[in-house]
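Student: sharing a model that was predicted from the sequence below.
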Amino acid sequence: MDPETPQIGDRRMTGDRRTTINRRRAMRRRELAQTIRDFRGAMGTQESLQSKFEGERRHLFAGTRLSAAFAVPMLALIVTAISTMWLNKGLVTIWFVFTLCMHLLIVLTCQSYEKASSEERAKKHWLRRFTFGDFLYGICWCVFFLLPEKPDSGAGFLEFQFATFLIVVAMNTMQSATLPRALVAGTLPITLTVAINFLLAADSIHYTLAAMAVGAQGFFLILANQLIKNANTMLEYRAEKDYLIAELETANALSDESRRRAEAANLAKSRFLATMSHELRTPLNAILGFSEIMKDEVLGPMENANYKGYAADIHGSGQHLLNLINEILDLSRIEAGRHELQEEALYLTDIVEECSTMMQIRAKAKDITLHERHDTRLPQVWADERALRQVILNLLSNAVKFTPTNGEIRISVGRAADGGQFVSIADTGPGIPEEEIPIVLEAFGQGAVAIKSAEPGTGLGLSIVQALVKMHGGKFELKSKLRQGTEVIVTLPRTRTMNFAAGTARSAQDQAEDQDGSRKSA
């Protein structure tokens, strides 16, 4: 049994694995499509965008509160410790415990929000909870500013109250900036309490501080508005980034799917060609053999001359079809990477001369003159003789095919500028327009002007030439001008010349001998 032939179990495992991969890809495409629909819906309408950003802002609010979970009690503790200089210790302690409980309530609410599911977070009651929690926290600080001062307290309590007011309002602004309702509920009661408290003192300095308190509240509201704008801008950029990532993921998935289909189509093509090569060649050989016997009248003369012409047409058509099949198989074998080079040392000039001799009959039939100019001092090259012969024959065949009667073809073999060797074939044919050169170089591509003045072809010759030259590490160039002719140049690299390979081998041998000598002397 052929070891490369897959077994039934292997086929079943391969089929199951392919089914699993296809299911995963389909699931991934559905998820990406849903993500893109969500983002497109959010980006398409401003209301949807704002609704989505409200959830994001609530998340930022909860995260900020949790990150400052220990900073707020520290501030309250510091204020409590300092205020005992002017206030009753018992009242301040009770206030501190009450404030700490309100802060703990807000922290627990934020933790519950962070642990909730996406559907639960989307509910609007969280905004009411956050606003009510900030309002209670603001009331706590309002109570602090209303605590009675001790009769024997010293001066400086007024300045301490105003400084505490600024710090508390600034901290609440930074924590609640993403939710304007919570910000107003947490800071406005404090500002009103402090302003009214200062106004009731009936002193000019107190009036000034009351006005400053109101101005500070306005300043912090403006600052909060700017922070909200910055947060919205950041969220918009992040949404756009996520949208672009989703688009790129979709494009990548589509590209993978297209690549998989192309690979499957290429595999199907290879299997088809491998199967049909034998199925087509077998009857074609019979058609060619029998038609040749009939047109050459091997078994006897044909009385009807039309029959003989028909047999010649059948033989010519079969030969053309066989050549087409061979070229397609050669190209598919090269593209599949199954064409192996049988390399050996050979003279490039010998191959070009043999191919030129083979094309003499076709050239004479059209009165085309072949001019050859070879450099006889060229060294051997390391290459595949059959591949190079196919390259030269394809190029010469194109030159003869597209060159009109009484035209000329010039063949040159010489040394390239980089030390390699080149073959140049130039004809006096109709030429190729510059915009059609990329088409001609593609498989099955043919120029419009050339088709009108030449024999029909398959359009695979240049594709095979390019593939074989590339396998040798060489370079293929096509230069053409309309109504002036065409020149093709095939260049083999310097590494293919035998003198370069021999010099490299001698250099490596010399290095090895030097190393052996240094070891012996040591």
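Tutor: Everything's here; your move.

Student: so which elements touch the helix ranked longest in the chain?
Tutor: Scanning the chain for the helix with the most residues, using DSSP state H, yields helix 204-295. In terms of contacts (3 or more C-beta pairs under 8 Å, 6 or more residues apart in numbering; DSSP states H and E), helix 204-295 is packed against helix 8-44, helix 46-67, helix 157-176, helix 180-199, helix 305-335. Yep, even glycine has a C-beta here, placed from its N, CA and C like the rest.

Student: comparing the ones you listed by mean pLDDT, which bottoms out?
Tutor: Mean pLDDT is lowest for helix 8-44 out of these, coming in at a mean of 56.

Student: low-confidence stretches in this structure?
Tutor: Segments of the chain classed as low confidence (criterion: pLDDT under 70) are 1-52, 153-154, 202, 270, 273-278, 333, 335-338, 443-459, 500-522.

Student: wait, residue 423 touches residue 489, no?
Tutor: Yes - in this structure, residue 423 is within contact of residue 489 by C-beta atoms under 8 Å, at 7.2 Å.

Student: those two: who's more crowded?
Tutor: Taking neighbours as other C-beta atoms under 10 Å, residue 423 and residue 489 compare with residue 423 leading, 25 against 17.

Student: element containing residue 111?
Tutor: When elements are defined using DSSP states H and E, residue 111 is found to belong to helix 89-115.

Student: now the angle from that helix to helix 180-199?
Tutor: Compare the direction of helix 89-115 with that of helix 180-199 by axes from the mean of the first three to the mean of the last three C-alpha atoms, to 10 degrees and you get 170 degrees.

Student: if you count neighbours, what's buried in helix 89-115?
Tutor: Within helix 89-115, the residues that count as buried by 16 or more other C-beta atoms under 10 Å are 91-92, 95-96, 99-100, 102-103, 106-107, 109-110, 113.

Student: ok, stretch 295-307 next?
Tutor: Neighbour-count burial for stretch 295-307 flags residue 295 (criterion: 16+ other C-beta under 10 Å).

Student: how long is it end to end?
Tutor: Counting by C-alpha to C-alpha, to the nearest Å, the length from the leading to the trailing residue of stretch 295-307 is 8 Å.

Student: residues contacting that stretch, please?
Tutor: Stretch 295-307 is contacted by residues 293, 294, 308, 311, 312, 315 when judged by C-beta atoms under 8 Å, 6 or more residues apart in numbering.

Student: possible to save those as CSV with distance to residue 160 and neighbour count?
Tutor: Rendered in CSV, the data for the contacts of stretch 295-307 read as follows (distance: C-beta to C-beta, whole Å; neighbours: other C-beta atoms under 10 Å):
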residue, distance to residue 160, neighbour count
293, 122, 13
294, 122, 18
308, 125, 16
311, 120, 19
312, 118, 15
315, 115, 20
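
Student: out of the residues you listed, who's nearest residue 483?
Tutor: The shortest gap between residue 483 and any of the contacts of stretch 295-307 belongs to residue 312, at 34.8 Å (C-beta to C-beta).

Student: quick one: the nearest residue to the closest one once chain neighbours are set aside and residue 268, what's the gap?
Tutor: With sequence-adjacent residues excluded and distances taken as C-beta to C-beta, 6 or more residues apart in numbering, residue 312 is closest to residue 295, at 4.5 Å. Going from residue 295 to residue 268 by C-beta to C-beta, to the nearest Å gives 38 Å.

Student: need the three-state assignment for the nearest residue to residue 334 once chain neighbours are set aside.
Tutor: Using C-beta to C-beta, 6+ apart and skipping residues adjacent in sequence, the residue nearest residue 334 is residue 467, 4.3 Å away. The three-state label for residue 467, taken from DSSP: H, G, I helix; E, B strand; the rest coil, comes out as helix.

Student: run a quick neighbour tally on residue 467.
Tutor: Counted with other C-beta under 10 Å, residues neighbouring residue 467 total 19.

Student: what separation do you get for it and residue 394?
Tutor: Noted for residue 467: a distance of 11 Å to residue 394, by C-beta to C-beta.

Student: same check on residue 298?
Tutor: Here the distance between residue 298 and residue 394 works out to 32 Å (C-beta to C-beta).

Student: ok, residue 419 touching residue 497?
Tutor: Yes - with contact defined as C-beta under 8 Å, residue 419 counts as touching residue 497 (6.6 Å).

Student: who's more crowded, these two?
Tutor: Remark: of residue 419 and residue 497, residue 497 carries more neighbours, 22 against 13, as counted by other C-beta under 10 Å.

Student: wait, that one sits on residue 416?
Tutor: No - Residue 497 is beyond contact range of residue 416, at 9.6 Å (criterion: C-beta under 8 Å).

Student: which elements pack onto the helix holding residue 111?
Tutor: Judged by 3+ C-beta pairs under 8 Å, 6+ apart, helix 89-115 is in contact with helix 46-67, helix 71-83, helix 125-146.

Student: could you identify which of those helices is most buried?
Tutor: Burial of the helices and strands packed on helix 89-115 is given as mean neighbour count (mean count of other C-beta atoms under 10 Å); helix 125-146 ranks first at a mean of 19.

Student: hmm, who's touching that one?
Tutor: Contacts of helix 125-146 from elsewhere in the structure, counted by C-beta under 8 Å, 6+ apart, are 54, 58, 61-62, 79, 83, 95, 98-99, 102-103, 105-106, 109-110, 113, 161, 164-165, 168, 172, 176, 179, 181-183, 185-190, 193-194, 197.

Student: and with 6 Å instead?
Tutor: By C-beta atoms under 6 Å, 6 or more residues apart in numbering, the surrounding residues in contact with helix 125-146 are 58, 95, 99, 102, 105-106, 109, 113, 168, 176, 179, 181-182, 185-186, 189-190, 193-194, 197.

Student: just give me how far it sits from the chain centre.
Tutor: In this view, helix 125-146 has its centroid 52 Å away from the chain centroid, taken as C-alpha atoms, centre = their mean, to the nearest Å.

Student: convert the C-alpha atoms of that helix to CSV, please.
Tutor: Coordinates of each C-alpha in helix 125-146 appear next as CSV, following Å, rounded to 0.1, in the frame of the first residue of the first chain:
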residue,chain,number,x,y,z
HIS,A,125,-31.8,52.7,38.6
TRP,A,126,-28.0,52.8,39.0
LEU,A,127,-27.9,56.4,38.1
ARG,A,128,-30.5,57.2,40.8
ARG,A,129,-28.6,55.2,43.4
PHE,A,130,-25.3,57.0,42.5
THR,A,131,-27.1,60.4,42.7
PHE,A,132,-28.8,59.6,46.0
GLY,A,133,-25.5,58.3,47.5
ASP,A,134,-23.7,61.5,46.5
PHE,A,135,-26.5,63.6,47.9
LEU,A,136,-26.3,61.9,51.3
TYR,A,137,-22.6,62.3,51.3
GLY,A,138,-23.0,66.0,50.6
ILE,A,139,-25.5,66.3,53.4
CYS,A,140,-22.9,64.9,55.7
TRP,A,141,-20.5,67.7,54.9
CYS,A,142,-23.4,70.2,55.2
VAL,A,143,-23.9,69.0,58.8
PHE,A,144,-20.2,69.5,59.4
PHE,A,145,-20.4,73.1,58.4
LEU,A,146,-23.4,73.6,60.7
